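1. Quick one, what's the 3D model for this:
(2 chains)
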Amino acid sequence: MALPQSAYKDREFLAVIGDEDSVTGILLAGVGHVTDPPDSQKNYLVVDAKTELSTIEGAFDAFTKRRKDIAIVLINQHIADKIRPRVDGYAEAFPAVLEIPSKDHPYDPEKDSVMKRVRKLFGE
Amino acid sequence: MSGAGDREPVFPTRQSLGAMKSKLKGAQTGHDLLKRKSEALTKRFRDITRRIDDAKRKMGRVMQIAAFSLAEVTYAVGNNTIAYQITESVRQAKFRVRTRQENVSGVFLPQFESWQKEDVGSDFGMTGLGKGGQQVAKCRETYTRAVETLIELASLQTAFVVLDEVIKVVNRRVNAMYARPAPLSSTRFYANGNGCSEHVIIPRTENTIKYINSELDEMDREEFFRLKKVKGVKERAAATEEEEKKKNARRTSDKENERQEVNGGGEGGGNVLGDEGDEDDLDAFEAEGFVSQFFLRAKDRWDQEPERLLRRFKAGSGNGEAPWKRFMSGVGVKRFVGFA
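-> You can find the predicted model right below:
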């Protein structure tokens, strides 16, 4: 079962949903991208205490479903927890959704949706 | 299995027997290959799962270091505007990924790899110009390495998702070919319908072959019996003709005997005809290899002393034995196999 080439060929950006520090650091590596002026879509979202849940969900959906140029979505684990049903329900290969730790919230393998599947498969 | 219910709708001919046999062979080969494929994939899958586990832990450490270096930057710059500067000065991505395909026994697993787009200048050239430029440069490097680790992890994770899917499909196919003995009721239930007839390709084909074989055997036996009958009838007809000829010959040679022959022959003719017929039938049997020496011996005895045999036959079951069996043993036939 080979995926069609169109499923991954144009995907060359990373997207970030995270708190200010995580986004800053990752953008510093040169990941950030803003598309050409007419719609000017950013490929990152800074989430703080005031950000609405619907904004996060909207960004997650945009990165995973609507945009065809994103290969990997990085999301802070504590933010992924807020929209957990959506992250767990996401099962596509492209783009890959990766939960990363943030400065204030250390990484917890128990919560990661992929790690959950891994453990379920090995019956631990 | 469930016998007649669970087979393909074919006519029992030699041609379809051949087709079924080759289908069975194909199915078995396919089953073997798929099984091997499934094993290869599962091996790979376990490998990837283990690596994901390691990589996730490594990611935790790497991100910690990166966060620490960012804290250094904030400290060196002294105020918190740097984050704002960075997020607002983003234009074009310098750090990008491309996807490569890796082939594992016919399955393409995606692999991300990072590359730096050359013609895009760094957006953060001015960042930290006043203070902390060194820390910014160091932090950028740390984060670049961290993101590379993340990309590696993303490759593994994507491979994991794809493989998981593929293994499910392959295993379903393996099971479709064969052949854990499926529960009777479910097989019958699904065999005629939607989707799940997939459980049983090999058993189904084997059943069909069995069915065709038995039907062909049955047809063979019928044909053999028919030929035997036809031959018997023909020989009987030939014997009658012979008899007629003989009678005619005698009639022409002797006029006095003629009347006697006609009178006696009218009654005896039937008997003679019957005997002759039986004899011809016997010849036919013998010709087909059906009758052994025992039968011939029995016939001899019948010719010599019919009354005694008839008496024994009629005497019936003195000791509970079937009369015909007793009769047969009387003429020296001790055992019969499948002949009644």
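
2. host element of the residue nearest in space to the middle of chain A?
-> The centroid of chain A falls nearest to A:Val73 when counting by C-alpha atoms, centre = their mean (3.0 Å). Using DSSP states H and E, A:Val73 falls within strand A:70-76.

3. go on, A:Ile56?
-> Going by DSSP H and E, A:Ile56 is in helix A:53-61.

4. what do you get for A:Ala80?
-> Going by DSSP H and E, A:Ala80 is part of helix A:77-82.

5. same question, A:Val97
-> In this assignment (DSSP H and E), A:Val97 forms part of strand A:96-100.

6. ok, and what's touching that strand?
-> With contact meaning C-beta atoms under 8 Å, 6 or more residues apart in numbering or on different chains, strand A:96-100 is reached by A:18, A:22, A:64, A:71-77, A:80, A:87, A:90, A:107, A:111-114, B:59, B:63, B:112, B:150, B:153-155, B:157-158, B:161. (Glycine included, C-beta is placed from N, CA and C.)

7. Would you agree A:Phe60 is in contact with A:Ile17?
-> Yes: assessed by C-beta atoms under 8 Å, A:Phe60 is found in contact with A:Ile17 at 6.5 Å.

8. ok, those two, which is more surrounded?
-> For A:Phe60 versus A:Ile17, neighbours defined as other C-beta atoms under 10 Å in any protein chain shown are more numerous around A:Ile17 (26 against 22).

9. Just to be sure, that one is in a strand?
-> Yes: using DSSP: H, G, I helix; E, B strand; the rest coil, the assignment for A:Ile17 is a strand.

10. Which residues does it form beta bridges with?
-> Beta bridges link A:Ile17 to A:Leu45, A:Ile75 when assigned by DSSP bridges.

11. mind checking which helix or strand B:Ser22 is in?
-> In this assignment (DSSP H and E), B:Ser22 forms part of helix B:14-77.

12. how far away is B:Gly232 from chain A?
-> B:Gly232 sits 67 Å away from chain A, going by C-beta to the nearest C-beta, to the nearest Å.

13. and the end-to-end length of stretch A:92-101?
-> Terminal residues of stretch A:92-101 are spaced 22 Å apart (C-alpha to C-alpha, to the nearest Å).

14. any idea of the mean pLDDT in it?
-> Mean pLDDT, computed over stretch A:92-101, is 83.

15. Pull out the buried residues from that stretch.
-> For stretch A:92-101, a neighbour-count test (16 or more other C-beta atoms under 10 Å in any protein chain shown) marks A:93-101 as buried.

16. what's the angle between the strand holding A:Val73 and helix B:14-77?
-> Put simply, strand A:70-76 runs at 50 degrees to helix B:14-77, going by axes from the mean of the first three to the mean of the last three C-alpha atoms, to 10 degrees.

17. On the three-state scheme, A:Pro37 is what?
-> coil.

18. Give me the common contacts of A:Phe60 and A:Ile17.
-> Shared contacts of A:Phe60 and A:Ile17, defined by C-beta under 8 Å, 6+ apart, comprise A:73, A:75.

19. Report the contact partners of B:Gln64.
-> If a contact means C-beta under 8 Å, 6+ apart, then B:Gln64 has A:101, A:106 as its contacts.

20. Report the separation between it and A:Gly58.
-> For B:Gln64, the distance to A:Gly58 equals 30 Å [C-beta to C-beta, to the nearest Å].

21. cool, A:Pro38 as well?
-> 19 Å.

22. Neighbour count for those two, which is higher?
-> A:Gly58 (13 against 6).

23. ok, the more buried one to chain B distance?
-> 18 Å.

24. Please apply the same query to A:Val16.
-> In terms of C-beta to the nearest C-beta, A:Val16 sits 10 Å off from chain B.

25. and that residue, how many residues sit next to it?
-> With other C-beta under 10 Å as criterion, A:Val16 counts 26.

26. go on, B:Val230?
-> Neighbours around B:Val230, by other C-beta under 10 Å: 11.

27. roughly how far apart are B:Pro12 and B:Trp302?
-> Computed as C-beta to C-beta, the B:Pro12 to B:Trp302 distance reads 42 Å.

28. what's the answer for A:Leu28, then?
-> 116 Å.

29. more crowded one of the two?
-> Set A:Leu28 next to B:Trp302 and count neighbours by other C-beta under 10 Å: A:Leu28 wins out with 30 against 15.

30. List phi and psi for that one.
-> Here is the backbone geometry of A:Leu28 (degrees, to the nearest 10): phi -60, psi -30.

31. Can you list the low-confidence ranges for chain A?
-> A:1-8, A:123-124 (pLDDT under 70).

32. could you redo the last one with a cut-off of 50?
-> Low-confidence segments of chain A, defined by pLDDT under 50, span residues A:1.

33. does A:Ile72 really touch A:Pro95, like I thought?
-> Yes: judged on C-beta under 8 Å, A:Ile72 makes contact with A:Pro95 at a distance of 5.7 Å.

34. what do the two both touch?
-> Common contacts of A:Ile72 and A:Pro95, defined by C-beta under 8 Å, 6+ apart, comprise A:Ala15.

35. List of residues touching the helix holding A:Ile56?
-> Helix A:53-61 is contacted from outside by A:17, A:45, A:47, A:73, A:75, A:79, A:82-83, A:86-87, using C-beta under 8 Å, 6+ apart.

36. SS state for A:Val118?
-> Once three-state DSSP is applied, A:Val118 turns out helix.

37. Can you show me the helices along chain B?
-> Applying DSSP state H to chain B gives helices spanning B:14-77, B:81-88, B:133-177, B:184-191, B:201-253, B:255-287, B:293-304, B:306-315, B:323-330.

38. Do the third one and chain A come into contact?
-> Yes: residues of helix B:133-177 contacting chain A under C-beta under 8 Å from any C-beta of the partner chain: B:136, B:139-140, B:143-144, B:146-147, B:150-151, B:153-155, B:157-158, B:160-162, B:164-166, B:169.
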